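Enquirer: My questions concern the predicted model and sequence given below.
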Amino acid sequence: MAHETDHASADAQYEATPPGAGYEHTDANVWIIAKLVFGLVVAAALIHIGLAVLFNLFVSQHVERGVPRFPLAVGEGPRLPPEPRLQRFPREDITTFRLGEDAVLENYGWVDRNAGVVHIPIQDAMRLTLERKLLPSRPNPQRASRPMPSDASGGRR
């Protein structure tokens, strides 16, 4: 026989608490947790009240001040930071700059009227340079006195 029990049914064993059984003494103490939560609520309330009092104190002590006057800077105008200053609209600045450059490169105009120096459009300047052969050229490679090594020689002559 396996086990003999003195219970009338299978569920009867859960009806009565055996002697010595209760709760775990190592479980959390609910009273201590409740006191901790109460202490945190009280501390939070005191902190908020203290901050409100301090804020109102600072507001009452606040004095409106105008622009401070420095005795050495009375005669000076507004001061600007040193160059280069930040650009407010860099895209517009570069667009204006490039339009000015394009106007110089694509139109005729005086560089120095007293000296008789003018500028001409870049396309005309390139065409005149090629027509007049003003660019230096390389010497003819067929006139070279020493032959160039080829791939077959491996760099040797």
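Expert: Looks like it came in fine. Residues are numbered from 1 along each chain as shown.
Enquirer: Show me where this structure dips below the pLDDT cut-off.
Expert: For the chain, the stretches with pLDDT under 70 are 1-8, 10, 13, 18, 20, 22-25, 64-77, 140-157.
Enquirer: and after the lengthiest helix in the chain, which helix or strand comes next?
Expert: Taking DSSP state H as the criterion, the chain has its longest helix at helix 30-61. On the C-terminal side of helix 30-61, the closest following helix or strand by DSSP states H and E is helix 90-106.
Enquirer: what residues does that next one touch?
Expert: Here helix 90-106 makes contact (CB atoms under 8 Å, 6 or more residues apart in numbering) with Gln87, His119, Pro121, Ile122, Gln123. All C-beta spots, glycine's among them, are computed from the backbone N, C-alpha and C.
Enquirer: Please repeat the previous calculation with a cut-off of 7 Å.
Expert: Residues outside helix 90-106 that contact it (CB atoms under 7 Å, 6 or more residues apart in numbering) are Gln87, His119, Pro121, Ile122.
Enquirer: what separates the closest residue to the third one other than its chain neighbours from Pro90, distance-wise?
Expert: Excluding its sequence neighbours, the residue lying closest to Pro121 (CB to CB, 6 or more residues apart in numbering) is Glu106, at 5.1 Å. The spacing between Glu106 and Pro90, counted by CB to CB, to the nearest Å, is 24 Å.
Enquirer: follow-up on the earlier one: how about the contacts of helix 90-106 in JSON lines, adding distance to Leu54, secondary structure and neighbour count?
Expert: Listed next are these as JSON lines, based on distance: CB to CB, whole Å; DSSP: H, G, I helix; E, B strand; the rest coil; neighbours: other CB atoms under 10 Å:
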{"residue": "Gln87", "distance to Leu54": "44", "secondary structure": "coil", "neighbour count": "10"}
{"residue": "His119", "distance to Leu54": "72", "secondary structure": "strand", "neighbour count": "13"}
{"residue": "Pro121", "distance to Leu54": "74", "secondary structure": "coil", "neighbour count": "14"}
{"residue": "Ile122", "distance to Leu54": "71", "secondary structure": "helix", "neighbour count": "12"}
